[in-house]
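# Dropping a prediction and its sequence here:
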Amino acid sequence: MKNRINFKSLINRAICLFIWLFLLSCSATRFPNDGIVNVPEDCFGIVHSSMYDIMDEMGAVWTLRTFNWSSIEREKGYFDFSGYDAYVDDAKRAGKKVIAVLAYQTDWIFPEGKSKKYIPPEYIPDFLNYIEETVKHYQGKVDVWNIWNEPNIFFWKGSDKEFYALSRLTAQKIRETDPNAYIIGGAFMRTPKRFIKKMHKAGGMENLDGLAFHPYALNPEGAMRIHGKFVKILSDIHFEGDIWITEIGHPTGGLYPHKTSLEKLPSFVVKSLCGVAARGVRATLWYQLFDHYNEGEAPKGKFDLKSSEHYFGLLYPNLQRKDAANAYGLCGKFIPGSRYTPGFLQRENVPASIVSVSFLDGKSGYNTLVLWNDRKRIKKATLYLEAPAMLYDITTGKGQPITTPNWLEIGKQPILITWQGTAVPLLSMKKLK
């Protein structure tokens with residue numbers, strides 16, 4: 001029948017609508033102004049990346065991969081690390097740091113093909129044995145152990161209480177195996193307040209050095225709002241470990257509600273990376289390096305909710321870059337090792353809609369000023385700076401020398417200005433004469 005209801009399509013649309021409402025975000029940009037933040041030199045990374053030459057060009061230090069139990073112990077008692085050895089060794093030779101996610105089931109604990117993404121209580125000793133063997137094998141090579149991924153949604157099929165116990169026992173086993181290990185937990189999808197508080201109360205955060213979360217939102221402003229909620233929750237439970245963002249990003253296709261256009265993605269990259277650096281996040285990993293298809297080669301008209309997973313990349317498989325890769329590269333060059341310094345830019349009659357973010361004395365040897373206008377209308381202002389400066393286009397990554405005073409056009413797309421020395425910039429709404 002022509003009018004037969006496509007229930008799969010309706011379900012996908014309903015889920016999409018739910019997620020859209022769930023991700024609704026505020027539009028105003030706010031940056032912390034309560035003190036200087038020292039940005040780590042290794043503040044940025046990329047999920048699932050082993051293209052270390054490209055990561056070097058983009059200033060990305062961290063790489064993340066799931067060390068699946070199913071790949072390491074396909075048969076009980078037989079451990080095979082060959083699928084990960086080259087990845088870890090190559091990363092170390094390239095000077096990269098590895099986050100290893102310890103997660104998921106192995107097939108032999110479900111001989112009848114029942115539940116997935118779950119460890120039944122009777123198999124927890126086997127899971128902990130996999131943990132011990134993996135940590136021993138990679139001791140001194142893996143930099144951070146991450147327990148599970150997004151347990152508050154469909155990546156954990158058991159009860160919440162069962163996961164809290166698993167987290168506690170896994171962290172305890174890692175600590176016993178390697179007392180110097182750095183362990184993070186959570187990797188929560190957004191900020192499940194009740195889940196986090198109950199996990200803490202149940203001891204699921206014992207032995208953790210940090211907690212990770214994934215602030216997916218419609219825009220960078222929404223992601224920073226989620227970060228603020230996460231900080232508040234951790235403050236309420238008196239958790240004093242580091243905060244990590246092990247996934248953040250936006251697809252440029254598919255049906256995820258936080259998808260964006262190729263044209264907007266460079267702005268989203270810069271605003272997101274500036275935002276997390278200014279908020280003292282220990283490290284942030286972009287999800288991810290490559291799309292699944294080259295530009296123009298994606299199949300037409302075949303979309304479901306998960307199709308967005310094909311379009312999260314900063315590059316295409318043929319190594320062609322999206323403009324967003326250049327934007328990431330500028331942040332990766334100038335922000336690491338700097339000091340986020342609120343209020344550093346001197347402002348003269350500048351409206352609040354013009355956002356200014358200052359990162360001083362970066363690893364690159366440069367100071368960096370990032371400017372954009374939260375409103376659609378372009379604003380013009382005069383920049384005064386008693387030092388040679390470079391003005392960068394975030395879509396190309398290319399800079400050009402500018403002399404000041406300089407009449408700037410400031411729009412929704414950020415511009416990035418760098419200089420060396422102790423000169424303090426002034427931005428004025430008075431027109432350059």
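Structure's in. What do you need?
# which strands and helices sit next to whatever helix or strand E409 lives in?
Element membership for E409, per DSSP states H and E: strand 406-410. Identification of packing neighbours for strand 406-410 by 3 or more CB pairs under 8 Å, 6 or more residues apart in numbering; DSSP states H and E yields strand 367-373, strand 379-384. Every residue, glycine included, has its C-beta placed from N, CA and C.
# Highest mean neighbour count out of those strands?
Most buried of the helices and strands packed on strand 406-410, by mean neighbour count (mean count of other CB atoms under 10 Å): strand 367-373, with a mean of 24.
# That one pairs with which strands, and in what direction?
strand 354-360 (antiparallel), strand 415-419 (antiparallel) (DSSP bridges).
# which residues of the chain fall in helices?
7-22, 52-58, 69-72, 82-93, 124-137, 160-177, 193-201, 220-236, 265-278, 323-334 (DSSP state H).
# Pipe the ones you listed into CSV and attach distance to I248 per row.
What follows is the helices of the chain, written out as CSV (distance: least, CB to CB, whole Å):
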stretch, distance to I248
helix 7-22, 16
helix 52-58, 15
helix 69-72, 26
helix 82-93, 21
helix 124-137, 26
helix 160-177, 22
helix 193-201, 18
helix 220-236, 6
helix 265-278, 6
helix 323-334, 11
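# Tell me which of those approaches G254 most closely.
G254 sits nearest to helix 7-22 of all these, at 10.1 Å, using CB to CB.
# average model confidence for that closest one?
For helix 7-22, the mean pLDDT works out to 48.
# how many other residues sit next to T246?
If you count neighbours by other CB atoms under 10 Å, T246 ends up with 25.
# which residues sit in contact with it?
V47, L64, I99, N146, I184, A187, A212, F213, H214, L285 (CB atoms under 8 Å, 6 or more residues apart in numbering).
# Restricted to strands, list these.
Using DSSP state E, the subset of the contacts of T246 located in strands is V47, L64, I99, N146, I184, A187, A212, F213, H214, L285.
# doesn't I99 make contact with the last one?
Pointing back at L285 there. Yes: counting by CB atoms under 8 Å, L285 touches I99, with 7.4 Å between them.
# Including pLDDT and neighbour count, could the ones in strands among the contacts of T246 go into TSV?
Putting the ones in strands among the contacts of T246 into TSV (pLDDT from 0 to 100; neighbours: other CB atoms under 10 Å) gives the following:
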residue	pLDDT	neighbour count
V47	98	21
L64	98	26
I99	98	24
N146	98	25
I184	98	24
A187	96	25
A212	98	29
F213	98	28
H214	98	23
L285	98	25
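# Next one: the closest residue in space to D374 that isn't next to it in sequence relative to D323, how far apart?
Once flanking residues are discounted, D374 sits nearest to S353: 4.6 Å by CB to CB, 6 or more residues apart in numbering. Counting by CB to CB, to the nearest Å, the gap from S353 to D323 is 24 Å.
# With mean pLDDT and distance to P401 as added columns, please give the helices and strands packed on strand 406-410 in a markdown table.
Formatted as a markdown table, the helices and strands packed on strand 406-410 follow (pLDDT from 0 to 100; distance: least, CB to CB, whole Å):
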| stretch | mean pLDDT | distance to P401 |
| --- | --- | --- |
| strand 367-373 | 98 | 15 |
| strand 379-384 | 96 | 13 |
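# Tabulate the ones you listed (CSV), appending distance to K431.
Output for the helices and strands packed on strand 406-410, formatted as CSV (distance: least, CB to CB, whole Å):
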stretch, distance to K431
strand 367-373, 17
strand 379-384, 7
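# Return, as residue ranges, the portions of the stretch 301-433 of the chain with sub-threshold pLDDT.
Scanning the stretch 301-433 of the chain for pLDDT under 70 picks out the ranges 301-305, 432-433.
# Out of the strands paired with strand 367-373, the one nearest G228 is which?
strand 354-360 (16.4 Å).
# and the gap between the residue lying closest to W156 once chain neighbours are set aside and N152?
Counting by CB to CB, 6+ apart, W156 lies nearest to F163, which is 5.2 Å off, once chain neighbours are set aside. The gap separating F163 from N152 is 9 Å, by CB to CB.
# more crowded one of those two?
Shown here are F163 and N152; by other CB under 10 Å, F163 has more neighbours (23 against 20).
# And the more buried one, what's its pLDDT?
97.
# what domains does the record give for the protein?
Domain assignment for the chain by automatic domain parsing gives 38-336, 340-428.
# these two touch, right, V350 and M429?
Yes: counting by CB under 8 Å, V350 does reach M429; the two are 5.9 Å apart.
# Mind listing the shared neighbours of those two?
A381.
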